[in-house]
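Peer 1: Need the 3D shape of this:
(one chain, ligands or ions: 1)
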Amino acid sequence: MSKAFYVTTPIYYVNDVPHIGHAYTTIAADAIARFRRLKGEKVFFLTGTDEHGQKIERTAEARGEKPIELANRVVKRFQNLSQALHITNDDFIRTTEKRHEKAVTEIFKRIEDAGDIYLSEYEGWYDVRNEAFITDTQYEEIMSLPEDKRPVIEKVKEESYFFRLSNYQERLLEHYSKFPEFVQPGYRMNEVARFVEGGLKDLSISRTTFNWGIPVPGNPGHVIYVWFDALTNYLTAAGFPDDPERFNDIWPADIHLVGKDILRFHTVYWPAFLMSAKLPLPKTVFAHGWWTVEGEKMSKSVGNVVDPYQVADEFGADVFRYFLLREIPFGQDGDFSKNAMVSRVNGDLANGLGNLVSRALGMIERYRGGKIPKPGPTGGSEEAVAEGSLLAIKLVENAMDETAFHKALGAIWDFIALVNKYVDEEAPWVLAKEKKEERLDTALWTVSRSIAVISILISPFMPVSSEEIWKRLGSQEPFNSLTLSSLKEGGLIKPGQAVSKGSSLFPRYEEKS
Ligand code: MSP
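Peer 2: Residues are numbered from 1 along each chain as shown. The predicted structure is shown next:
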């Protein structure tokens, strides 16, 4: 049995409702999962929520709720996002579940048995918003910021369990140089390696001054540090520790998608915990950039937080997905603006893909009674289209291997442009007028086949439009059974199948005045 391809998102804090940042990682992970399934691979795609820790406890307190009540209420907003954005996660983990407590307790014990945990006292600063202990260097950095830009940090002095992170400096550096793909994009590796080269202090992994968390085994006065707890979610959902067979099939993760702000937790602490527990390391941690909104940092106080439900409602989930994955190279920062969205909708989607589908199917309805004709002899221009389609498939595969969604979409849209150009040049309306029936058959067939290829190629990114186009083409084959290799073969469409033009796939966005 081949191993499952395992892709994860971070698990989201439930102190707040989902925003564009959460939607972004989840959509990216979904595109990866769908693409792998299209390649015929077995996939395990995980997302979920991070429900413990001081931040959640305080937010709940401020609202007069119990932390679990807050979590139970907010988690639904994250779970329902899957329907709203057409996300195909195979599991949704909550860190308050029993299975997770078991996994965290077990890995804590294994690390303790390895001699990497000891009891001492932590005295220093803590950033509750980011749930992060502040190192001396970070403290200096924070203090050098203007006062209004400093994160709120609090002095902490309490008994604490420590993880011997300092023992792992050499092994981590060795791992980075042996597996450069461990941190992606490549330019992020330097930043991580430099941090580790700077020296690693032992890490506090328990707290005593609040209760909302998983107790330290054998010493329930301590709760386990929320990041130790949270990172373990990736093991829990893979069946750790009770289902070794499943665990071996799923773990290690092939790719953890994370925002750039939480890269260090995933590329320094996490591999060190795993090494200590003698578990395999994830293959890749990919850090994506951050979105600003209309040029400004997104924040509650500015009041510009983008609600993914609202965008999906206004533009459609597919358009939102397309925009996020096309607009910027995955890894870099980007700006979310209404203008940019509208220009993608009206340009790439309405004029590009939408126009191609509607004029092709419209012509089949007009000239061939709505049935795809059997092609006549083909020539050089058809060969060029066929080559273009093979090239697009190849480029999409290459781009997805390097998690470059914008390149994959770019290649598909280049092909769309090529097919639109083919239609302009062949001018089937002229062929119809001049009664060149065989040429007309060939042209309509060639365009139909190209649209079939496009409909499948876009499926990881725009699943709703993809299936809709497939249906309008009148294909009998069940959509879910299609694979990438079937694209390269004949038989995607058959002469005689009945198409329907339907209404506009991507209506042009007109500003309501
Ligand atoms: N709970 C931790 C993750 C634990 S994973 C074991 C956490 N949660 S979070 O809800 O605060 O953030 C989740 C993700 O949202 C992070 O990857 C973060 O980078 C991302 N984003 C938050 N704001 C963002 C933008 N403005 N743009 C893009 N992503 C952003 O951290």
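Peer 1: And the strand or helix carrying residue 440, what's buried?
Peer 2: Assigned by DSSP states H and E, residue 440 belongs to helix 437-457. For helix 437-457, a neighbour-count test (16 or more other CB atoms under 10 Å) marks 439-457 as buried. (Glycine included, C-beta is placed from N, CA and C.)
Peer 1: Stretch 60-70 now?
Peer 2: Buried residues in stretch 60-70, counted by 16+ other CB under 10 Å: 60, 67, 70.
Peer 1: which one of these sits closest to residue 22?
Peer 2: Closest approach between the buried residues of stretch 60-70 and residue 22, by CB to CB: residue 70, at 16.7 Å.
Peer 1: Please write out the alpha-carbon positions of the helix or strand harbouring the closest one in PDB.
Peer 2: Assigned by DSSP H and E, residue 70 falls within helix 67-85. The C-alpha coordinates for helix 67-85 follow below in PDB (Å, rounded to 0.1, in the frame of the first residue of the first chain):
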ATOM      1  CA  PRO A  67     -13.300  28.500  27.700                       C
ATOM      2  CA  ILE A  68     -15.000  25.400  26.400                       C
ATOM      3  CA  GLU A  69     -18.200  27.400  25.800                       C
ATOM      4  CA  LEU A  70     -16.200  29.900  23.700                       C
ATOM      5  CA  ALA A  71     -14.500  27.100  21.800                       C
ATOM      6  CA  ASN A  72     -17.700  25.300  21.100                       C
ATOM      7  CA  ARG A  73     -19.300  28.400  19.800                       C
ATOM      8  CA  VAL A  74     -16.400  29.700  17.600                       C
ATOM      9  CA  VAL A  75     -15.300  26.300  16.300                       C
ATOM     10  CA  LYS A  76     -18.500  26.100  14.200                       C
ATOM     11  CA  ARG A  77     -17.400  29.200  12.300                       C
ATOM     12  CA  PHE A  78     -14.200  27.400  11.300                       C
ATOM     13  CA  GLN A  79     -15.900  24.100  10.600                       C
ATOM     14  CA  ASN A  80     -18.600  25.700   8.400                       C
ATOM     15  CA  LEU A  81     -15.900  27.400   6.400                       C
ATOM     16  CA  SER A  82     -15.300  24.100   4.700                       C
ATOM     17  CA  GLN A  83     -18.800  24.200   3.100                       C
ATOM     18  CA  ALA A  84     -18.600  27.900   2.200                       C
ATOM     19  CA  LEU A  85     -15.200  27.600   0.500                       C
END
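Peer 1: now the nearest residue to residue 308 once chain neighbours are set aside: how far from the ligand?
Peer 2: The spatially closest residue to residue 308, leaving aside those adjacent along the chain, is residue 23, at 3.7 Å (CB to CB, 6 or more residues apart in numbering). Plainly put, residue 23 is 9 Å away from the ligand if you go by CB to the nearest ligand atom, to the nearest Å.
Peer 1: residues touching residue 23, list them.
Peer 2: Residue 23 is in contact with 81, 85, 308, 320, 324, counting by CB atoms under 8 Å, 6 or more residues apart in numbering.
Peer 1: Tell me the most packed of those residues, by neighbour count.
Peer 2: Within the contacts of residue 23, neighbour counts (other CB atoms under 10 Å) peak at residue 324, which reaches 28 neighbours.
Peer 1: need the contact list for it.
Peer 2: Contact analysis of residue 324 by CB under 8 Å, 6+ apart lists 20, 23, 24, 27, 28.
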